[in-house]
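J.: Have a look at this fold, sequence not included:
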């Protein structure tokens, strides 16, 4: 255990013997300090949307396919021109030093080992360049929490570009922090600096609460910002936090090269729809113009399958990967990705789909439970 | 603690550190005597409608809005020609002396400090003039439980008018008291006089059960009464207890200057619909002819948002404000209003709505949970 | 306590202080011997239909009515040409000696005192003439479990006619006993003779299980039986156990003078619909040709209202009346009827309905919970 | 108790006094060793589909039928040209030695005594010929888990044919083993050899986990395999694991003589539909071309009735029969079949259906719970 500012950081480095992703939460709770765990696990208000994110997957069913004559399903895919070994990617998740002393570096290592796409958060515990270097050349995206200070945004984008990231994820559903009660109950303040903030006058985030962090971020984010970032970086900009067909088209009109369907894991607008409930309609509106990333509530191979079959091109994991990070470092993250991939392969075989492209062409049933 | 007729009245005067409104119920239960608390918290029959009032908010979802380019949402609104700092108002609630020694006076002070609209109940523990004086010039409505004795009604209306109230809320859903089991179990009798009843032969309510109080009230209330009160006072009359499009139009036809959608917090007709479930249809029928007030079940910023987006112009709070009163007096009430307003502002920002007018133009999703 | 064949019969005779009908079940359980209580309370198989009977009432809502200008609602009604003080009647319920030493005689007394209609069961603990005599001239129906032995049927019908009953209820949903597990678990055998069976070779039921009792009853019951009973008695025959529009019309075609919508309180065909769920469609098909009696699951004034508004002319009570009988004899039964009537009157007032005829014209809402 | 490889096999041989099938699970859990019980009871992933299998039966209701003039319902039926005393058959279930030392031999004896159809699994603990001989000449089917090794398949089919089986059930929903967590938790390995595997180089299954067993099975199964097996055996081939109209027609097109609607008791594709939810649509598509067998979730007489009324010709039992086997050997299995048949007969009488053909013509209600 490393102790930083009184906060105990895990240092585990090992493969995990995973039964399923949901059980990781309780195990992680045992080893992540209360405040950090509350920050990771919590949703906003009474967490209705967080719970709905899970329940929504029961609204559709996967039809087992008979006599499909396939075997050995494969997870390989190619999205945003990037060849990937799995459609499961890492969601941009803040402050991973809360879970592990190596933070995002170990996550990048683990995701790379699993063949997935890594996304760094602006509020990472490790710097863009360090995380990037840890990724062994595997593709990474950088997620931007837009600052009110455009100079700061440019610095981040410069560093991201220099580090070779393949895309920018612009988060637009967090122009203010959702009302997360766990953080209030725990009076949680980040004990560990956010590496990308260190060089700026705002300070590095250490000793601040999430509301203070977000206070430096821009509340006003509009279509011009998408275009400005795209023009500045010449990288694909994926707009994260889309939950409606209208906004998806609006974002594409503004220059988005990808649509990221997410409700921030139920951490932002509570009372909003479950992310999976809106995915299909968003995908119909997008109609193949740009790739779609999906997250919020994914825990099972069948969830991944249902998301892909409902229009997602990539499915992102947040909390479970962080739990894997806490429990096993880079190898833990890798274990999480591989376990979920294994569950997905079973579903693919039983649903008669050999490739991710086959999965995407699958029609789900719609019996409401 | 003040002790009146053996009943302990709270005397707290302090700001409250509120996590959320639902948690106030348990805290208030600790300090309000059993009979009084049972009277406040209880619904009728098996409380199905009371529970449905909460569940109904899950029937619609707020779509997070991306790239909306707004910041700093504002709660100001103007309803019934009254400029208000918040669309959250105080529901007319009886016998607030059960919660606090200052009763409605402190509520009026707290609501005024929060910039909201205060509504006094006929069955207030403090008199119309006292409550009015406590309100620091902020707007107030007076709610009328119509007596069988028209002279008495005129006296109340005279006093209300003299006190400068801006409107009369005529309650029409309580022509008999709902079957509230908590009051029966507790054999509850009002320990504290109802100030507005004191000068009349009916007595002041002290030592009576709710059924006896209601017994002096009129059972027969019809459209002529609306007109009669409007003519007598020359004030806008808002009809409270509307739960259908038909009744809304009927009331407007009878001269109502406002429609108050409410099922009395589940205290009257159990087996009736959840109030939020009928709001949208009522609002469509009203179609902007008069303002709409809504209550029953509101506990969260997202609830307020959903009610406004479904057609309400003002959203009223009952029990949570009374709990705030018990726990902190005027400042407690203010804390409740401000906390709910803060939650609302977060939702407004995330839903891309800068003003209450924007909220009212928002379309909600309709995924049944 | 009277003890008959080792079975303790209650002898209470007192008014009951009733909070609500559901709470009577637990109180009755304390004083009715296990086997008898299990027989009364139990449903068939896993009791899904029994539970659905209650839940179904939440499928419709009563709209509170504003400005309806009514007061003092009245329960009087006239069905089958019988003037009644309440639309709540006694369901024909077997073996009431299990609950009380006076059995059906006390039930008849209590129902008469409450102004309701009494229905005797073939399998009564007291004889047709005794129960009839106890009823103080108030109207009674006789329910027939048709025997395979037509001579026996004639004897019962002769006695019923002689006793002055106003109608015959022919039960058709129990041509075999439902699979009631409580009776099997308790190895329940009737400890008390069934008075109407005593004079017949089949024996009096004492020491037999329900399956043996039913074994003497006819399995084959068809339209000819309705006609035969009607012709033989020249009394209105009400067919009990109808759960579909088709069967309602079929029964009327066969000569039924009334349709009794019931699933036997969930004691017969488990996996069948909740009785309230089918009432409206049955009533639409019947379309006023004959009166409709409804039972199964009624516990609240709002339930009675909903049943009347969905097409019932009379609403029958089974278990709760038996619990009242056990707890207070004739006065207990009267208390149950009066309490439910009181709850109904509150609902009627709040729903703006002065008479039972008004209730029957009411449209319910249909929001599925 | 026989002990084989450290595994205690039950040796009970007795009639069971059955209250209902669900209660057998707990009783069996007491006497079947943990690993074996986990293998039998478990479903895949989080067992959503397993639970939905039960809940789905509440989606339809059986209308009680009045005045139907029938008595003494009969369970006899004739499917695949086989006269049977009951429409309830034995599902092909692996490794029954886990439950009882006599394994499939006792099951065959019990099913024969009950007049039902026996289906042997490829992964039986007893050999095709032994199980067949135990069946007293009653009809049996043989279920094939197709091996990658066609020679092995031919050997099994040869032996099955020689043993006189009347049909081949080709399982197509298990081309890989579902993700069953109970087996992983218990680190379950089959302690008892699978008799049909013994003579082959793959080994007899003993000491292997289910994944290893399935590893020798074919993943690729297509329409040609149906035809090949039909041609080779000249027996009717029933395709098991169909959950959609499309696959049913596809299988029939490929030469299937029967369609077996099943989701393997929730053990394979979790996240797939409840089996009963898809039965009616499959049956409409099949439209009488071939018989339909149904399983997954059947526990009650009403379930069997609903399945038959939704299009099934035979309804198969898995786990409950195995529990009966553990608790009572051949007589236990017989008791299970007879008990369920008795429940079915009650439902048939109350639903006015004298024959299985009548049941199949019944329309169910469709009120969603």
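T.: Received it, and whenever you're ready, just let me know what you need. Note that the structure is predicted; figures quoted are calculated from it, not measured. Numbers count the residues shown, from 1 in each chain, chains lettered A, B, ... in the order given.
J.: From now on I want contacts and neighbour counts done on CA atoms only, so please keep to that.
T.: Noted.
J.: Which residues does the least confident helix or strand in chain A by mean pLDDT contact?
T.: Taking mean pLDDT, DSSP states H and E as the measure, the helix or strand of chain A with the lowest value is helix A:210-215, at a mean of 82. Applying Cα atoms under 8 Å, 6 or more residues apart in numbering or on different chains, the external contacts of helix A:210-215 come out as A:175, A:176, A:177, A:188, A:189, A:190, A:205.
J.: next one: that helix to chain centre, how far?
T.: Averaging C-alpha positions (Cα atoms, centre = their mean, to the nearest Å) puts helix A:210-215 20 Å from its chain's average.
J.: For the helix or strand just after it, buried residues please.
T.: For helix A:210-215, the following helix or strand on the C-terminal side (DSSP states H and E) is helix A:223-233. Neighbour-count burial for helix A:223-233 flags A:223, A:225, A:226, A:227, A:229, A:230, A:233 (criterion: 16 or more other Cα atoms under 10 Å in any protein chain shown).
J.: quick check, nearest of the residues you listed to chain C?
T.: Chain C has its nearest neighbour among the buried residues of helix A:223-233 in residue A:223, at 40.2 Å by Cα to the nearest Cα.
J.: Quick check: chain neighbours aside, which residue is closest to the closest one?
T.: Distances taken as Cα to Cα, 6 or more residues apart in numbering or on different chains put residue A:254 closest to residue A:223, at 5.0 Å, once the chain neighbours are dropped.
J.: list the contacts for the one you found?
T.: Counting by Cα under 8 Å, 6+ apart, residue A:254 touches A:223, A:224, A:226, A:227.
J.: Poorly predicted segments of chain A, please.
T.: Flagging of chain A using pLDDT under 70 yields the residue ranges A:199-202.
J.: what residues does it put near chain B?
T.: Taking Cα under 8 Å from any Cα of the partner chain, the part of chain A that reaches chain B is made up of A:45, A:172-179, A:181, A:184-185, A:219-223, A:241-244, A:247, A:251, A:263, A:268-273.
J.: Among those, which ones are in helices?
T.: Residues of the residues of chain A next to chain B located in helices (DSSP state H): A:181, A:184, A:185, A:223, A:247, A:251.
J.: Identify the single longest helix in chain A, thanks.
T.: Criterion DSSP H: the longest helix present in chain A is helix A:319-350.
J.: Next, the buried residues of that one.
T.: By neighbour count on 16+ other Cα under 10 Å, the buried set for helix A:319-350 is A:319-350.
J.: where's the spatially most central residue of chain A relative to residue A:41, distance?
T.: Most central in chain A under Cα atoms, centre = their mean is residue A:91, positioned 1.5 Å from the mean C-alpha point. In this structure, residue A:91 and residue A:41 are 14 Å apart, going by Cα to Cα, to the nearest Å.
J.: for residue A:169, same thing?
T.: Distance, residue A:169 to residue A:41, using Cα to Cα: 22 Å.
J.: more neighbours, the two?
T.: The neighbour count for residue A:169 versus residue A:41, taken as other Cα atoms under 10 Å in any protein chain shown, is higher for residue A:169 (28 against 18).
J.: Now the element after the longest helix of chain A, going C-ward?
T.: Of the helices and strands lying after helix A:319-350 in sequence (DSSP H and E), the nearest is helix A:356-360.
J.: and the host helix or strand of residue A:280, what does it pack onto?
T.: Using DSSP H and E, residue A:280 sits in helix A:275-286. When contacts are defined as 3 or more Cα pairs under 8 Å, 6 or more residues apart in numbering or on different chains; DSSP states H and E, helix A:275-286 packs onto helix A:245-253, strand A:258-261.
J.: Return the residue of chain A that is most distant from the centre.
T.: The centre of chain A is farthest from one residue, residue A:67, which by Cα atoms, centre = their mean lies 35.9 Å away.
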